[in-house]
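*Asks:* need coordinates for the below:
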Amino acid sequence: MANEKHCLLAYRCQLAGGSACNNHCPHFITLHGMNAKGGRAGLAGVPSDYRLVTLTNSPVRASQPKIYEILDKYSATFGRQFDEIGDRIKSVYLWSKSPGTGKTTTAAALLNDWLVAHYLGSLKRGRQPLQMPAYFLDVNEWQTLYNEFNRSHVPEDVAERASREYYRRLQAAKKAPFAVLDDIGVRQATEGFRGDLHAIINYRVTNGLPTVYTSNFPIEDMARIFDERLYDRMRDMCAVVEFTGESKRGKRRG
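*Replies:* Numbering: from 1, shown residues only. Next up is the predicted model:
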């Protein structure tokens, strides 16, 4: 059974659409597991709606052509992840005043393109691909976990599960070679949560790990929403890209 519509490698694979393109393909299994929901793509934490979106097939490309022209050039730098010496890969801050203009979809597409670049680049160099070369952190959802285990009168087992998952995501977002921090600054944050978010960003910037941020606020507002230190860290080696237009959320463009 042809599986080209369910594999991130489809647009780069000569076998796509043929008889060899199926769930038994070892490359498909490595990236997606046995059902397009596992593997390295599943470990990356990308929401299911965006798990197969790339810059090539993104539904946002038609409405944001100038932005995608910029991001095509940006994704072309992903091969530098294998260079021990060379120019650092920048971070990107995607924002718009209106929600639903395609920021989350585009961020997921960039992460998936990184996964493909990492997988193919590793094979080309005779290396074992990392289990988690990229990670998608929904900051709003992550903050909900934080609030859950810090509320009073929460059952101990519920708080423990929330805490364990919260810190698992923290470490994944902190250490992954490439990360998306989605919906930065949507809600008010406590000092403790701001500290954890600052720790992620500070670690990534200090270690030269590229990050894609999405937000409904200009990057300058991060100094107000969080603090000056976090803002300074976020803008270091970071290209700011503003999305325009009205919300298209009804058409599933996050």
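*Asks:* does anything pack onto whatever helix or strand Ala109 lives in? Which helices or strands?
*Replies:* Assigned by DSSP states H and E, Ala109 falls within helix 103-124. Judged by 3 or more Cβ pairs under 8 Å, 6 or more residues apart in numbering; DSSP states H and E, helix 103-124 is in contact with helix 26-32, helix 39-43, helix 65-75, strand 91-95, strand 134-138, strand 178-182, strand 211-215. Just so you know, the C-beta spots here come from the backbone N, C-alpha and C atoms, and that holds for glycine as well.
*Asks:* is the residue nearest the centre of the chain in a bridge, and if so with what?
*Replies:* The geometric centre of the chain, computed from its C-alpha atoms, lies nearest to Val180 (Cα atoms, centre = their mean), at 3.0 Å. With DSSP bridges as the criterion, Val180 is bridged to Phe136, Val212.
*Asks:* excluding chain neighbours, what is closest to Pro129?
*Replies:* Nearest non-adjacent residue to Pro129, counting by Cβ to Cβ, 6 or more residues apart in numbering: Ser122, 4.1 Å away.
*Asks:* and that neighbour, how many neighbours?
*Replies:* Applying other Cβ atoms under 10 Å, we find 16 residues neighbouring Ser122.
*Asks:* now do Cys21
*Replies:* 22.
*Asks:* so it makes contact with Cys13?
*Replies:* Yes: using Cβ atoms under 8 Å, Cys21 is in contact with Cys13, at 7.4 Å.
*Asks:* what sits against Asn57?
*Replies:* Tyr11 (Cβ atoms under 8 Å, 6 or more residues apart in numbering).
*Asks:* sec struct for it, please.
*Replies:* Three-state assignment for Asn57 (DSSP: H, G, I helix; E, B strand; the rest coil): coil.
*Asks:* phi, psi for it please.
*Replies:* With angles defined as degrees, to the nearest 10, Asn57 sits at phi -110, psi 10.
*Asks:* per-residue pLDDT, it?
*Replies:* In the predicted model, Asn57 carries a pLDDT score of 93.
*Asks:* mind listing the helices for the stretch 101-250 of the chain?
*Replies:* With DSSP state H, counting those that start in this stretch, the ranges of helices along the stretch 101-250 of the chain come out as 103-124, 139-150, 156-175, 191-206, 222-225, 228-235.
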